[in-house]
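J.: Sequence and predicted structure, then a few things I'm wondering about:
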Amino acid sequence: MSLKIAFVGVGNMASAIIGGLRASGYAGESIIGTSRNPDKHKSLEAQYGIVMTADNEWAVEQADVVFLCVKPHMMRDVIDSIAHVVRDEQLFISVAAGLELAALSAWLKKPVAIVRSMPNTPSLVGVGMSGLIANEQTTGEQKQWVSDAFDSFGGHAWVEQEEHMHTVTALSGSAPAYFFRVLEVMIEAGQAQGLDAATSRKLATQAMKGAAAMVTELDEDIAQLRRNITSPNGTTQAALETLEEQGVESLITAAVNACANRSKELGKQYKV
Ligand SMILES: NC(=O)C1=CN([C@@H]2O[C@H](COP(=O)(O)OP(=O)(O)OC[C@H]3O[C@@H](n4cnc5c(N)ncnc54)[C@H](OP(=O)(O)O)[C@@H]3O)[C@@H](O)[C@H]2O)C=CC1
Ligand SMILES: O=C(O)[C@@H]1CCC=N1
């Protein structure tokens, strides 16, 4: 089915989803985006072939599916301002970190279908990953549409318990930023050893891409893939021993836990 989609708040995350949807063949004419700043509208229209407006009410009125893509602390005000035009048959998809289905449902004030999602920005280049959970109003057909839409810009996983959305955020929603940070540090280290920035970036990023491709394309134990590179008393062993000595396991575990805990805090802050 060809549905009209509205994105309320076209910033980093909505742009990544819109870019992914457009690249996979979704028609620009069926996508409306909103932002308060009209100065941004022309460039977003040109970039994605969509219609931009500052009028959230109008955008929601046109839509079968509404993606809610503003920051968590803005969500309640934005929903309050559109609640009076919400129709029972519409599907709402929130991308906001922490915000629970119950809060979204109470603010929307109608028993509409709601999906809470946690996507990530690699959606822009078709390799996103999204965790999803739906409220009980969401039909099987709507869930199938959501699965297909999110698959069009990457992969998806439905979770059974809403609590697990915090872990989804820690393992995929925020995680591209951890890997970007690792790359930044590696590239700087390469430059410190004398390589130019472009060569350093190419070497480190291709290595990360290759590692990710091996893990996703080969059905092999990740630890074994690591051991396959690690010659006894060789170069890799020297690097890995340093990582362990410097506490790589506790460092990464602490970062993942901090992310999930922040998501829980956001949930509590906006609990209804
Ligand atoms: N960035 C990421 O990697 C991820 C983000 N998320 C979630 O996505 C949501 C958005 O995050 P992100 O895209 O990073 O943030 P951004 O600030 O980049 O995007 C939010 C956009 O909302 C617009 N906006 C704010 N208020 C309004 C309003 N009243 N009406 C219409 N548009 C409005 C802003 O544009 P303007 O100022 O022009 O109005 C802004 O561009 C958050 O809830 C976050 O938790 C989820 C997963 C990953
Ligand atoms: O940092 C954040 O809060 C958002 C949610 C996941 C990624 N970015």
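T.: Cool, the structure landed. Numbering: from 1, shown residues only. Ligands and ions are numbered 1, 2, ... in the order given.
J.: Only C-alpha atoms from now on, for both contacts and neighbour counts.
T.: Fine.
J.: Just to be sure, residue 115 is in a strand?
T.: Yes. Counting by DSSP: H, G, I helix; E, B strand; the rest coil, residue 115 falls inside a strand.
J.: partners of it in the sheet?
T.: residue 93, residue 134 (DSSP bridges).
J.: Any figure for the gap between it and ligand 1?
T.: 13 Å (C-alpha to the nearest ligand atom, to the nearest Å).
J.: can you start the count at 25 instead of 1 from here on
T.: Sounds good: first residue 25 from here, last item residue 139.
J.: who touches that residue in this structure?
T.: 115-118, 125, 156-159, 162 (C-alpha atoms under 8 Å, 6 or more residues apart in numbering).
J.: do that again at 6 Å, thanks
T.: 117, 157-158 (C-alpha atoms under 6 Å, 6 or more residues apart in numbering).
J.: ok, it to residue 55 distance?
T.: Distance from residue 139 to residue 55, counting by C-alpha to C-alpha, to the nearest Å: 18 Å.
J.: Tell me which residue of this protein lies closest to ligand 2.
T.: residue 198 (4.1 Å; C-alpha to the nearest ligand atom).
J.: Check that residue and give its pLDDT.
T.: Each residue has a pLDDT score; the one for residue 198 is 98.
J.: ok so, going back, filter the contacts of residue 139 to keep only those in contact with ligand 2.
T.: The subset of the contacts of residue 139 within reach of ligand 2, counting by C-alpha under 6 Å from any ligand atom, is empty.
J.: which of those residues lies closest to ligand 1?
T.: Looking across the contacts of residue 139 and measuring by C-alpha to the nearest ligand atom, the closest to ligand 1 is residue 117, at 11.1 Å.
J.: bridging residues for residue 91?
T.: Checking residue 91 by DSSP bridges, which sets the bridge assignment, gives partners residue 31, residue 117.
J.: my read: it touches residue 117, true?
T.: Yes. Using C-alpha atoms under 6 Å, residue 91 makes contact with residue 117 at a distance of 4.7 Å.
J.: Those two - which one has more neighbours?
T.: residue 91 (26 against 23; other C-alpha atoms under 10 Å).
J.: Please tell me the pLDDT value assigned to the more buried one.
T.: At residue 91, pLDDT is 98.
J.: One more: residue 25?
T.: So, for residue 25, pLDDT stands at 52.
J.: Relative to ligand 1, how far out is the residue of the chain most remote from its centre?
T.: Distance to the chain centre peaks in the chain at residue 257, reaching 40.1 Å (criterion: C-alpha atoms, centre = their mean). Residue 257 sits at a distance of 40 Å from ligand 1 (criterion: C-alpha to the nearest ligand atom).
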